[in-house]
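Colleague: Could you look at this predicted model? Sequence included:
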Amino acid sequence: MYNQKRKRKDSNAMSEQNKIQLFENQPIRTAWNEEQEEWYFSVVDVIHVLTGSENPRRYWSDLKRKLKSEGATQLYENIVQLKMKSSDGKNYKTDAATTEQLLRIIQSIPSPRAEPVKRWLAEVGRERIEETIDPEQAIDRALETYLKKGYSEEWVEEAARRGLPNIKSMVEASETLTTEKSIKLFEKFGIFTKAELESREEVLYETYSKTINIEALTMVDMAKKQYIPAVMEYTRTLADTVLAVKSAGADATVQTTVLKSISEKLAEAQAAETALEDKLAEAAGIEDPKKLAFFYKDVVHTAMDDLRTPVDELEMMVDKKVWPVPTYGDLIFEV
């Protein structure tokens, strides 16, 4: 019966994704079982981290006998054997345990690293949940791990070419909280119920919408009260200069060209500011939190970019003395 149980669990390993994870830069071989939605960890690797033993396999063998003598037969029987890559590059079967099983094993090992390893195990589980919610984090963490191992960013780019999802915004990531797979995962581990996940998703949408709304209103206020009035004043000065140069009988081509260019950008900024106000008014009429968040992401945020572009260009054209706020040059190069 025991051998049949282990054999059945070994067959499940065919669908598992082997992965080296790092605890304080020490490698621990792991495997994710998609069907069971659970991590399996190499027991000897964890023991090596905990004890620093030069022969962790022998340590584990002695510990298994001790656990059996103490009546922990069920714990031992539920541990599976999975094929994992060894230091010689070949795959060999080794004992692998789930997080719950490892926590019970760690209790039997006197080690100052016991608590840090427990926290690390919890962190690995949390990261897996986050990656299910936001797959983009899986790419970021893969890049971080690859760089620690000396690999280049091309490894992550290759993974992307193989079809890993790439969710590019927080708003799009929020809706993955309530997918069927996410709900099943959170409820399985008793973390959140479906209702709680739906509530968290709504809070994320509302927080995003309020944040963008405040930023957009600030842009409108600065454009109407600072940027546009300052540029209008500067164009009046330029116009006076053009008239003065012409009345003196000199060529005013340069002054006229500059005045026209600034006036064109000023008109763009004015139109963009009006359009942004219109989009904010439209957003005020949307009641559904999800629709509102996507409206702010796709429409309002775009309108904000449309306003920022001509204002940034005007900053490079208008006399620094009349520009109402510190320029990028001031912020970067001057103290």
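Modeller: Okay, I see it. Residues are numbered from 1 along each chain as shown.
Colleague: so where do the strands sit in the chain?
Modeller: In the chain, the strands defined using DSSP state E lie at 17-23, 26-33, 38-42, 80-85, 91-97.
Colleague: which residues sit against the last one?
Modeller: When contacts are defined by Cβ atoms under 8 Å, 6 or more residues apart in numbering, strand 91-97 is touched by residues 10, 29, 31, 40-44, 60, 79-86, 105. In short, each C-beta sits where N, CA and C put it, glycine included.
Colleague: And Glu202, how far from Ala284?
Modeller: With distances taken as Cβ to Cβ, to the nearest Å, Glu202 is found 18 Å from Ala284.
Colleague: between those two, which one's more packed in?
Modeller: Neighbour count, other Cβ atoms under 10 Å: between Glu202 and Ala284, Glu202 has more, with 17 against 10.
Colleague: what ranges of the stretch 51-200 of the chain fall below the confidence cut-off?
Modeller: Applying pLDDT under 70 to the stretch 51-200 of the chain picks out residues 72-77, 125-168.
Colleague: Mind jotting down where the helices sit in it?
Modeller: For the stretch 51-200 of the chain, applying DSSP state H, counting those that start in this stretch gives helices covering 56-69, 73-78, 99-106, 114-133, 136-148, 154-161, 170-174, 180-188, 194-222.
Colleague: Got the phi and psi for the nearest residue to Lys320 once chain neighbours are set aside?
Modeller: Leaving aside its sequence neighbours, Lys320 sits nearest to Thr327 (Cβ to Cβ, 6 or more residues apart in numbering; 6.4 Å). Recorded main-chain torsions at Thr327 are phi -80, psi 170, according to degrees, to the nearest 10.
Colleague: burial count for the closest residue in space to Asn78 that isn't next to it in sequence?
Modeller: Nearest residue to Asn78, sequence neighbours excluded (Cβ to Cβ, 6+ apart): Gln101, at 6.5 Å. The tally of other residues near Gln101 (other Cβ under 10 Å) stands at 19.
Colleague: isn't Asp45 right up against Gln21?
Modeller: No. Using Cβ atoms under 8 Å, Asp45 is not in contact with Gln21; the gap is 9.5 Å.
Colleague: Which one's more surrounded, those two?
Modeller: More neighbours surround Asp45 than the other of Asp45 and Gln21, with 21 against 18 (other Cβ under 10 Å).
Colleague: and the gap between the more buried one and Gly249?
Modeller: 88 Å.
Colleague: Please apply the same query to Ile191.
Modeller: From Ile191 to Gly249 the distance is 81 Å (Cβ to Cβ).
Colleague: Looking at those two now, which is surrounded by more residues?
Modeller: Ile191 (13 against 7).
Colleague: For that one, grab phi and psi.
Modeller: phi -90, psi -50.
Colleague: how close does it sit to Lys184?
Modeller: As judged by Cβ to Cβ, Ile191 and Lys184 stand 11 Å apart.
Colleague: What subset of the contacts of strand 91-97 is buried?
Modeller: Neighbour-count burial (16 or more other Cβ atoms under 10 Å) applied to those gives 29, 31, 40-44, 60, 79-80, 82-84, 105.
Colleague: number of nearby residues for Ser53?
Modeller: Neighbours of Ser53 (other Cβ under 10 Å): 14.
Colleague: the longest helix in this structure is where?
Modeller: If you go by DSSP state H, the chain has its longest helix at helix 253-283.
Colleague: Was I right to think Glu198 contacts Thr179?
Modeller: No. Assessed by Cβ under 8 Å, Glu198 is found out of contact with Thr179, at 11.5 Å.
Colleague: which residues do these two both contact?
Modeller: By Cβ under 8 Å, 6+ apart, Glu198 and Thr179 have no common neighbours.
Colleague: wait, doesn't Glu37 sit right on Ser182?
Modeller: No. Glu37 lies out of contact with Ser182 (Cβ under 8 Å); the separation is 10.8 Å.
Colleague: Name the residue in those two with the higher neighbour count.
Modeller: Ser182 (19 against 15).
Colleague: The more buried one against Thr176, yeah?
Modeller: Yes. Judged on Cβ under 8 Å, Ser182 makes contact with Thr176 at a distance of 6.0 Å.
Colleague: Please verify my assumption that Trp120 contacts Phe23.
Modeller: Yes. Counting by Cβ under 8 Å, Trp120 touches Phe23, with 5.1 Å between them.
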